[in-house]
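Participant: turn this into a structure:
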Amino acid sequence: VHVSDAERARRKPPASLAAYECVLEGNALHWDDPEQEAEATRLIERAIEIDPGYGMAYALLGTMRRAKWRDDPGDSNALLEEAYQLALRAVELDDSESTSHSLLGQTCLYRRDFELALQHMQRSVELNPNNQWNVADMGLILVYAGRAQEALAWNQRARQIDPYFDEPWYWRQAGLTCMVLGQYQEALTLFGRIPIRGYRIAAYMAACHARLGDMERSRACVAECLAVRPDFSVRHWMSKEPFKFEADGERIAESLRLAGLPDTTEPV
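Facilitator: The predicted model follows:
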């Protein structure tokens, strides 16, 4: 779950060049890889030690905590709350940094505070309207807030700003938007743009193939998902998917169940 290209962290250097370099190096690593994620965490925590006033470092660390919470098989929200406090601190330290507002907005989304999520996301876009990452992030907030058609337009706008915009998380959320709208073939095309497929994408693709009636491909994707996450369950997945409206979430859950993904890992 990588925040963005390192360019995003490069715009406003902190007081300390050493802290700045730690953040650049940490943000350039692949957070989906456990070893690189651990090194990125170390570097960003080091940046905060060097310069406790460096807002972007708090924003990035908060995003890493939120990613850990999403992957946690348990039900504790401690990591999400820590992510929220870090993101809040980032905005307190630098209210003019659009990315910090975007990342705080996303954390508010996962806390299901939709109004606050939209407020911070709107602030992010106002501060930097031509930043493709912020524009794409607005698409992420809107699809969960029950405004998938609007999300589609924001996703498209991000690519209009930068036709070479190619972040894996962008294709993931664009595909999810199509799934919510029932556009399963379009979703598969978007998911296919992701170079390294994690278990989430395998699950989404299994669901899309199932909706399209291609159960052979669906089963292959299910096997791919369960090989990485044998404890995967639809119920736990959906407990961390912040859909404002139950119908949107249930449509995704039904698609995952249709593919044959287990509803629960609890003993029967």
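Participant: from here on, contacts and neighbour counts on C-alpha atoms
Facilitator: OK.
Participant: in the chain, what helix or strand scores lowest on average pLDDT?
Facilitator: helix 7-10 (a mean of 48; mean pLDDT, DSSP states H and E).
Participant: what's downstream of that helix, the next helix or strand?
Facilitator: As assigned by DSSP states H and E, the chain's next helix or strand after helix 7-10 is helix 17-28.
Participant: same for that next one, what does it pack against?
Facilitator: Applying 3 or more Cα pairs under 8 Å, 6 or more residues apart in numbering; DSSP states H and E, one finds that helix 17-28 contacts helix 7-10, helix 34-50.
Participant: buried sites along it?
Facilitator: 19, 20, 21, 22, 23, 24, 26, 27, 28 (16 or more other Cα atoms under 10 Å).
Participant: any idea how far it is from the chain center?
Facilitator: With Cα atoms, centre = their mean, to the nearest Å as the basis, helix 17-28 stands 21 Å off its chain's centre.
Participant: where does this protein have low pLDDT?
Facilitator: Applying pLDDT under 70 to the chain flags residues 1-14, 265-268.
Participant: show me how far stretch 112-127 is from its chain's centre.
Facilitator: 15 Å.
Participant: before we move on, what about stretch 62-80?
Facilitator: The answer for stretch 62-80 is 12 Å, by Cα atoms, centre = their mean.
Participant: so what would you say the end-to-end distance of it is?
Facilitator: Start to finish, the residues bounding stretch 62-80 are 8 Å apart (Cα to Cα, to the nearest Å).
Participant: contacts for it?
Facilitator: Residues outside stretch 62-80 that contact it (Cα atoms under 8 Å, 6 or more residues apart in numbering) are 1, 3, 41, 82-87, 103, 107, 110-111, 231, 236, 240.
Participant: now the residues you listed: which count as buried?
Facilitator: By neighbour count, with 16+ other Cα under 10 Å, these hold 3, 41, 82-87, 103, 107, 110-111, 236, 240 as buried.
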